[in-house]
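K.L.:
sequence unknown, structure follows:
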């Protein structure tokens, strides 16, 4: 949809931006830099504002938000704007409001992204115990929210955090890299991969299986497979469990061989170079 994307916040008089949880980089003008806009790939941004006391019943214009980018089709600068205004209510009315699960989840996931950064910093200082403590706090908060309002995103978050926790018991360096990989994905909404390698394997009946390896700092963090026939739509696709502890790319053939042995489509196939 667009590239060279920036995000601007203009608080009104008396309103102050306290924090933007995404930890986004800024351009020379102070605007926040965002990844390219892609249809179907939302990016949740959480902003905390300090708002002046206002009488109940009053409506106040708090801030303006705008998104600037270069349109993919038009190749021209484009901008979208939104005005944020709220109606104030008495304190007892506000206190009785229910928590919005989607907002609470977005806040938690971005806070967890910062917890991953803390884990990496503790590992860099040679303090795995503190790394475990920071991770345990994030896992506990996520588990509590999942019990209150379960969702696929929170389930995935729990699994991701558990993966880091497992790696801390085996390899601090790999746990650090996995945590930073997940953190970057969360706070920017895009995949941060040092490399993406693909291998094609011939299957019986003219089928091919494609193995895609997602790497981060030389370690394979995820492998996905797709089975298809040439010049036809994909017939079957399935995900393979993340192989955090498999190490570097040199082990990919052993992994592919195992998948092939377990595949009904290719029990007698051999690896091709």
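P.N.:
Received it, and whenever you're ready, just let me know what you need. Note that the structure is predicted; figures quoted are calculated from it, not measured.
K.L.:
Can you list the low-confidence ranges for this structure?
P.N.:
187-273 (pLDDT under 70).
K.L.:
at 50 instead, please
P.N.:
191-207, 215-221, 223, 229-252, 263-273 (pLDDT under 50).
K.L.:
what about the longest strand in it?
P.N.:
strand 59-71 (DSSP state E).
K.L.:
so where do the helices sit in this protein?
P.N.:
Assigned by DSSP state H, the helices in the chain fall at 91-95, 101-124, 128-148, 152-168, 172-188, 252-262.
K.L.:
Would you map out the domains in the chain?
P.N.:
2-95, 101-188, 195-262 (automatic domain parsing).
K.L.:
how far away is residue 7 from residue 134?
P.N.:
Separation of residue 7 from residue 134 (Cβ to Cβ, to the nearest Å): 28 Å. Backbone N, C-alpha and C define where each C-beta goes, glycine included.
K.L.:
er, residue 91 actually
P.N.:
With Cβ to Cβ as the criterion, residue 91 and residue 134 are 34 Å apart.
K.L.:
Tell me which of these two has more neighbours.
P.N.:
residue 134 (20 against 9; other Cβ atoms under 10 Å).
K.L.:
Can you report how many residues lie near the closest residue to that one other than its chain neighbours?
P.N.:
The shortest distance from residue 134 to any non-neighbouring residue, by Cβ to Cβ, 6 or more residues apart in numbering, is to residue 118 (4.4 Å). For residue 118, the count of nearby residues is 18 (other Cβ under 10 Å).
K.L.:
just to revisit the earlier point, nearest to residue 44, out of the helices of the chain?
P.N.:
Of all these, helix 101-124 sits nearest to residue 44, with 4.5 Å by Cβ to Cβ.
K.L.:
Summarise which helices and strands the closest one is packed against.
P.N.:
Packing contacts for helix 101-124, counted by 3 or more Cβ pairs under 8 Å, 6 or more residues apart in numbering; DSSP states H and E, involve helix 128-148, helix 152-168, helix 172-188.
K.L.:
hey, which of the ones you listed is tucked in deepest?
P.N.:
helix 172-188 (a mean of 21; mean count of other Cβ atoms under 10 Å).
K.L.:
what angle separates that one from helix 152-168?
P.N.:
Counting by axes from the mean of the first three to the mean of the last three Cα atoms, to 10 degrees, helix 172-188 lies at 160 degrees to helix 152-168.
K.L.:
what's helix 172-188 packed up against?
P.N.:
Against helix 172-188 (3+ Cβ pairs under 8 Å, 6+ apart) you get helix 101-124, helix 128-148, helix 152-168, strand 207-216, strand 219-229.
K.L.:
Do I have it right that residue 32 meets residue 5?
P.N.:
No: with contacts counted by Cβ atoms under 8 Å, residue 32 stays clear of residue 5, the gap being 9.2 Å.
K.L.:
just to revisit the earlier point, make TSV from the helices of the chain and add distance to residue 60 to it.
P.N.:
Below are the helices of the chain laid out as TSV (distance: least, Cβ to Cβ, whole Å):
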stretch	distance to residue 60
helix 91-95	14
helix 101-124	19
helix 128-148	30
helix 152-168	32
helix 172-188	29
helix 252-262	57
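K.L.:
Let me know which of those is the nearest to residue 53.
P.N.:
Judging the helices of the chain by Cβ to Cβ, what sits closest to residue 53 is helix 91-95, at 10.1 Å.
K.L.:
Now do that closest one: everything it contacts.
P.N.:
residue 56 (Cβ atoms under 8 Å, 6 or more residues apart in numbering).
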